[in-house]
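A.B. asks: Pasting the sequence and the predicted model now:
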Amino acid sequence: MKTLILSVLVGVVSGLVAALCGVGGGVIMVPFFHGLLGLSQKQAVATSLAVIIPTAIVATVKNATSAPPLVVWQIVLAASAGAAITAWVASGWMQSLSNETLRRIFAVLLIVVGTKLLLSGPRG
C-alpha cells in the first residue's frame with residue numbers, strides 16, 4: 001500500500017513538472033523511483049519511460065486542442081523519428097551499463113542542464 005501511495009505522489013509531482021517544464025517527468029521519477037521505492041537505476045529509468053507514455057499522450061491531446069494549438073506537428077514528426085530510433089539503440093546500451101554508471105550520467109546531465117538554465121538570459 002505504501003508503494004502505491006508513493007507511486008501516485010511521484011506521478012502527481014512528475015505530471016506537474018512534465019506539464020509545466022516539458023521534461024517528461026523523468027527528472028522527478030528516476031530519483032524517486034530509485035531512492036524512495038528502491039528500484040535499481042535501470043528499473044527506475046525503464047519504469048519512468050513507461051510512465052511517460054500516458055503522460056505525454058494526455059498532455060499532447062490537451063495542448064493540440066488548445067486555441068491556438070500549441071503542438072507543431074512538423075517538428076513532432078521529425079524529432080520523434082530521430083528520438084525513437086536513438087531510444088531503441090540507447091535502451092540496449094543502457095542495459096549493458098552498470099547502475100552506478102547510469103546514476104553518474106544522470107547526475108551530470110541534471111547538473112549541466114540545471115546550470116545552463118540558471119545562467120541563460122531571458123528569452124522573448
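C.D. replies: Thanks, I have it. Numbers count the residues shown, from 1 in each chain.
A.B. asks: C-alpha only now, for contacts and for neighbours.
C.D. replies: Noted.
A.B. asks: Next, the buried residues of the helix or strand harbouring L9.
C.D. replies: When elements are assigned from DSSP states H and E, L9 belongs to helix 2-21. Within helix 2-21, the residues that count as buried by 16 or more other Cα atoms under 10 Å are 7, 10-11, 14-15, 17-19.
A.B. asks: Identify all contacting residues around it.
C.D. replies: Helix 2-21 is contacted from outside by 23-29, 32, 37, 55, 59, using Cα atoms under 8 Å, 6 or more residues apart in numbering.
A.B. asks: now, which of those sits nearest V112?
C.D. replies: V27 (12.9 Å; Cα to Cα).
A.B. asks: Tell me which helix or strand comes right after whatever helix or strand V89 lives in.
C.D. replies: Element membership for V89 (DSSP H and E) is helix 73-96. Next helix or strand after helix 73-96 toward the C-terminus (DSSP H and E): helix 99-119.
A.B. asks: model confidence over that following helix, on average?
C.D. replies: Model confidence over helix 99-119 averages 92 on the pLDDT scale.
A.B. asks: Same question for stretch 46-55.
C.D. replies: When pLDDT is averaged over stretch 46-55, the result is 92.
A.B. asks: how about that stretch: buried residues?
C.D. replies: Taking 16+ other Cα under 10 Å as the criterion, stretch 46-55 shows 46-49, 51-52, 55 as buried.
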